[in-house]
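A.B. asks: A predicted structure for the sequence below; I have some questions about it.
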Amino acid sequence: MGMAPALLEEISYDENGNMHGGTLMDYLVPTAMETPAWETGETVTPSPHHPIGAKGVGESATVGAPPAIVNAVVDAMWHLGVRHMEIPMTPSRVWQVLKEKGAALEE
Amino acid sequence: MSTHSITLKVNGEEHTREVEARLLLVHLIREELELTGTHIGCDTTSCGACTILLNGRPVKSCTMFAVQASGAEIASVEGLATNGNLHPIQEGFTEKHGLQCGYCTPGMMMTTVALLKDNPNPNEEDIRWGVAD
Amino acid sequence: MIPASFDYTCPKTVAEAVSLLGQNPEAKILAGGHSLIPMMRFRMATPAMLVDINQLEGLSYIKEEGDWLEIGAMTRESELDRSELVRKSYSLLADTTRVIADPLVRNLATVGGNIAHADPANDHPATMLAYGAEVTATGPDGERSIPIGDFFLDAFTTSLSHDEILTAIRIPRAVEKSGGAYFKLERKVGDYATVAVAAQLVLNGDGKIASAGIGLTNVGLTPIKATAAEEALTGKVLDDASIKEAARLASEVAEPIEDQRGSEEYKRHLVRTFTSRALRKAQERAEGGGV
Amino acid sequence: MLYLDIVRSPYAHAKIKNINIEEALATPGVVSVVTGKDLDAHGLASMPTLMSDKQMVLPIDKVKYQAQEVAAVVATSRYAAADGVEAVEVDYEPLPVVVDPFKALEDGATKVRDDKDSNLIWHWETGDKDATDKVFDEADIVVEQSMYIPRIHVVSIETCGCVASFEPIEGKLTLYMTTQAPHAIRTVLALVAGHVGLSEEKIRVIAPDIGGGFGGKVPIYPGYIIAVAVSFLTGKPVKWIEDRSENLQADSFARDYHIKAALSAKKDGTLTAIKIKTVADHGYTDAAANPSKFPAGLFHICTGSYDFKQAHVEVDGVYTNKPPGGIAYRCSFRVTEAVHCLERMTDIMAHELDIDPAELRMKNFIRPEQFPYSSVLGWEYDSGDYEKALRKAMEMIEYDKLREEQKEKRARGELMGIGISSFTEVVGAGPSKDYDILGLKMFDSAEIRVHPTGKVMARFGTKSQGQGHETTYAQIIAEELGIPPEHIQIEEGDTDTAPYGLGTYASRSTPVAGAAGALAARKIHDKAKKIAAHLLEASEEDLEWEQGKFFVKGSPDRSKTIQEIAFAAYTNHPQGRSGHLLRPTQLDLSFRLLHLCRRHRPGHGRSQDPPFRRRGRLRCSHQPDDRRGADPWRSHDGDGARASRRDLL
């Protein structure tokens, strides 16, 4: 539902063009454990150009979710001086940002 | 390279085959026994599309050699329905649209059958944990 | 992804298996297969022969005997996971088992395989280091016991000789006021640890630490025993200061490298964090709370 | 059956000095080893991409990315083919590698393509630059941000694969493959291999149930062409199924967009203009599945749901030593990239102005009364009520309470954030003026046959990958004809039986093929009315329709069910209409949409298609290709499809 590119998925290469993540052990597709529960709702505005008013909604979740998730993470840290986070926002990337802003906690 | 005569029971039916040691169980099931409901999704034991029940326990048939299954009882998705009646799990998946493209569904169903055998009243956490592969 | 050809043998006794290994220097042991078979499918491993030890009798058990909890090498992870004995008295082991790979893998993967494969990213090794376990190896001359601290020599390399089979693992029997915990960060279910920490504590009657065991997963070429941290805790009360010092020492002994899971600095931070959390949880359990 | 397995390059850029196949040929079970030179002899060493660029099927002298196909081994079993792959020895001379698209654009950079002047594939821009700059100059506030949207992979759970079966006596190729667009594949195959005798009427593509697509199963990959070539040359069926690792390492990828954006606004939060400069890394060939006229796809929907006065977008497509990138994945042709950029920028602006991000969006949404709305970058939006949708989402999550909770947590030093995004996506790829694949204008088709007993066979040019077309289409036809959905059989994916269509992606099936189904059903409905009038000895004007039957106004007892009418169509037709009425129950309608704009979706919920409206309440206001079929007594055989094929030739 769009959380995977926001939090997990990435294909990257080293300077020699060797790919990181060429198997499902490293290209991270979320399982039932990583996936949150969600609620859906809808409003209906039928298309006037269409015999049954249909519009495509196949990608509703996947298009909007990544920036929504980034916006949430940045919103949590805006007051620390964080303006933007690149995706996927892995735990290590989030920690790095917190560290730079002096907000990474030690237990 | 060695070949081996193996006998195993699949969905209650006994089969004997001469197989190369390296033949993966999933290939035996799909290509020798022509039970193509069991699918292959990855090479790394990550996805679970190939899940079957080996002596009642769900395992990934892509990470086991056919020769290891000699003498075992195997259940694949084809064995769920009985006398033309869908298994309750199959009915449940149908009713709740738990399919989408259906490719991993056989593995999901076999995992679910085993999960419910161990834990007939799972909560959401149990279910998520049980099918997370 | 098709493995290369090999000869397959399926001995019925340990002696037969040992003899097969002795006769075939290119043979490899097939236990649960969940590390070996994927490697063979990528042809990163091309053994000439597999000695399948799945049919060996008497290698699957979990029992308390004398001063030890003894686990047969072929005990499946899922059997450990379901064991009431393990859940009740060996919380560190129960924690660890629960986060190895995924539920289906655990149905075939074995405790012995997880240890003998000596992958620094595997979970049991650090736990066994924290427990101070012993490995039982069976070879042509019979059995010998190897302290776990002497077992892991390098990545994927152990002190087993080619014709020895890891047949059992022994963990010191649970005593009063002992407890442990395993904390692991994985990117998703089924992933290897970014970092994991195993901690086991035995407390004295006065609440001070009689002995501490700390093992680290996936922060070096082998699983790492954080000896300095363990020693620093011994005789102390577990408080913020002693925890902080132990976490610092554990993180110093770690040798992480930067990879897709994170930077070296991040991983050291995780070692500190998980050492603290694991010690707190271990203490709580040793005092009779929490599971 | 023969089996194919592929030797792949360990290098991202290297010269192939020699390929030694002797040991492979000596491997038990190996039948042959195919190299680029072998294919070149038949003019099959390269093929066009969906953007009319050139892609190697098998290279002749150089490899251009890691995991590229280098040679193919044909064997009597999958296992033997894998052994053969292991035995092929390739001697490479590594060459300098360029993976960073910015470095690729520098003077003196290693050239990825020998047949091109530079690594710049194209520069594309849209919008009025000067006017946009002027708005920026006058703005109260400007925010800027760079962002990178990394490469990702579709990773459909079933990998790609096919069985190519050439029958030498009939000269016919049957290709069973896991594709989202069987007809388009057939045409592309004919374009690639027509010169060796694979003419389009001799090609049958069958896409059975397929395990997910997500855009990755629209293109043709080298493995398909090799399988076809080997089957063509041997006259035997050839099976090629990718491994997961091959799929993840070599097939087309999505994203890899390096974006620099600037957003201007007034103090009160009114957004005024957006400027975007992007470097798009396409790997070694431009294989993007974009409409030909938009090299960066629909990236210029980047004004989204907001009423922008000006916008300017520039995109540079760049070659690098990576596998082909730029496919449309989980969105309609690069909309995801545009949305990501705009929604990040909007949020940054809201925070900079200290205006609640939801309020800032509300303030700038295109208002319901502005529809139909023309965006500054040339898109026409048909309908929507964005504010209502966002308000609903905010109520559902209890937005105000969450903001309160956030405030309390922040006071305690805990971090909590709330994220919103809204987007407008151009979907339903169908307006022929905007959309094509390789010149094939986009439309889709439905063919409905009503059998004598009132049961229905309906075939479509789309191809479900689990979207549930069987249910959706049956419901549409059921709604129109009053025939129960369980009596309606839906078929797709066989180019010998299904009408021509462009396949399933970009949320197009229900809007385009579903529309064709509704229109075809209405034609049958109109015919049924004529038969009912004949059977009831009444005039058509006196008949009324109630779900599933016609009855004479004022005499509900005098009625004929659709099933009775279907039977009569075969047995008891009006005088003078005989043959024509009997058989033209087959209708083939193409439907091209002029404009579709998706319902607005704030947040990240899922949604369902809008409920189907009964005809009569919602009329189709624009049916551009429906004119030819105006006479319901005439069979209609798919002019849209034919026209497109002509366009292609």
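C.D. replies: Yes, it's here.

A.B. asks: Can you tell me what sits against stretch D:109-120?
C.D. replies: D:13, D:54, D:62, D:64, D:95-98, D:101, D:103-105, D:284-285, D:316-321 (CB atoms under 8 Å, 6 or more residues apart in numbering or on different chains). Yep, even glycine has a C-beta here, placed from its N, CA and C like the rest.

A.B. asks: Next step: these restricted to strands.
C.D. replies: D:54, D:62, D:316-318 (DSSP state E).

A.B. asks: quick one, strands of chain A?
C.D. replies: A:12-13, A:19-20.

A.B. asks: and among these, the most buried is which?
C.D. replies: Most buried of the strands of chain A, by mean neighbour count (mean count of other CB atoms under 10 Å in any protein chain shown): strand A:19-20, with a mean of 18.

A.B. asks: so does that one get close to chain D?
C.D. replies: Yes: using CB under 8 Å from any CB of the partner chain, strand A:19-20 reaches chain D at A:M19.

A.B. asks: got it, and stretch B:15-29?
C.D. replies: Yes: residues of stretch B:15-29 contacting chain D under CB under 8 Å from any CB: B:20, B:22-23, B:27.

A.B. asks: Which one of those residues is nearest to chain A?
C.D. replies: Closest to chain A out of the residues of stretch B:15-29 next to chain D is B:H27 (19.0 Å), distances taken as CB to the nearest CB.

A.B. asks: Skip the chain neighbours and tell me the closest residue to C:G22.
C.D. replies: C:D163 (4.1 Å; CB to CB, 6 or more residues apart in numbering or on different chains).

A.B. asks: Distance of the one you found relative to chain B?
C.D. replies: To chain B, C:D163 is 20 Å away according to CB to the nearest CB, to the nearest Å.

A.B. asks: I figured that residue hits C:P140, correct?
C.D. replies: Yes: if you go by CB atoms under 8 Å, C:D163 and C:P140 touch, sitting 5.8 Å apart.

A.B. asks: shared neighbours of these two, anything?
C.D. replies: Common neighbours of C:D163 and C:P140 (CB under 8 Å, 6+ apart) are C:18-19, C:22.

A.B. asks: Flag every buried residue along stretch D:252-266.
C.D. replies: D:252-259, D:261-265 (16 or more other CB atoms under 10 Å in any protein chain shown).

A.B. asks: Then stretch D:96-111?
C.D. replies: D:97-101, D:104-105, D:109.

A.B. asks: Quick one: classify the residue nearest to the spatial centre of chain B as helix, strand or coil.
C.D. replies: Nearest to the mean C-alpha position of chain B, by CA atoms, centre = their mean, lies B:I52 at 1.6 Å. With DSSP: H, G, I helix; E, B strand; the rest coil as the basis, B:I52 sits in strand.

A.B. asks: In chain A, spot the helix with the most residues.
C.D. replies: helix A:60-77 (DSSP state H).

A.B. asks: wait, does that one make contact with chain B?
C.D. replies: No: counting by CB under 8 Å from any CB, chain B has no neighbours in helix A:60-77; the shortest distance is 13.1 Å.

A.B. asks: Buried residues, that helix. List them.
C.D. replies: A:60-77.

A.B. asks: any idea how far it is from the chain center?
C.D. replies: Centroid separation for helix A:60-77 versus its chain: 6 Å, with CA atoms, centre = their mean, to the nearest Å.

A.B. asks: elements contacting that helix?
C.D. replies: helix A:3-7, helix A:91-100, helix D:335-353 (3 or more CB pairs under 8 Å, 6 or more residues apart in numbering or on different chains; DSSP states H and E).

A.B. asks: tell me the phi and psi of the residue nearest the centre of chain D?
C.D. replies: Nearest to the geometric centre of chain D sits D:Y505, at 2.9 Å (CA atoms, centre = their mean). For D:Y505, the backbone dihedrals (degrees, to the nearest 10) come out as phi -170, psi 170.

A.B. asks: count of residues packed around residue 10?
C.D. replies: As the question left the chain open, I've gone with chain A. For A:E10, the neighbour count with other CB atoms under 10 Å in any protein chain shown is 21.

A.B. asks: wrong one, I was asking about chain D
C.D. replies: For D:P10, using other CB under 10 Å, the count is 14.
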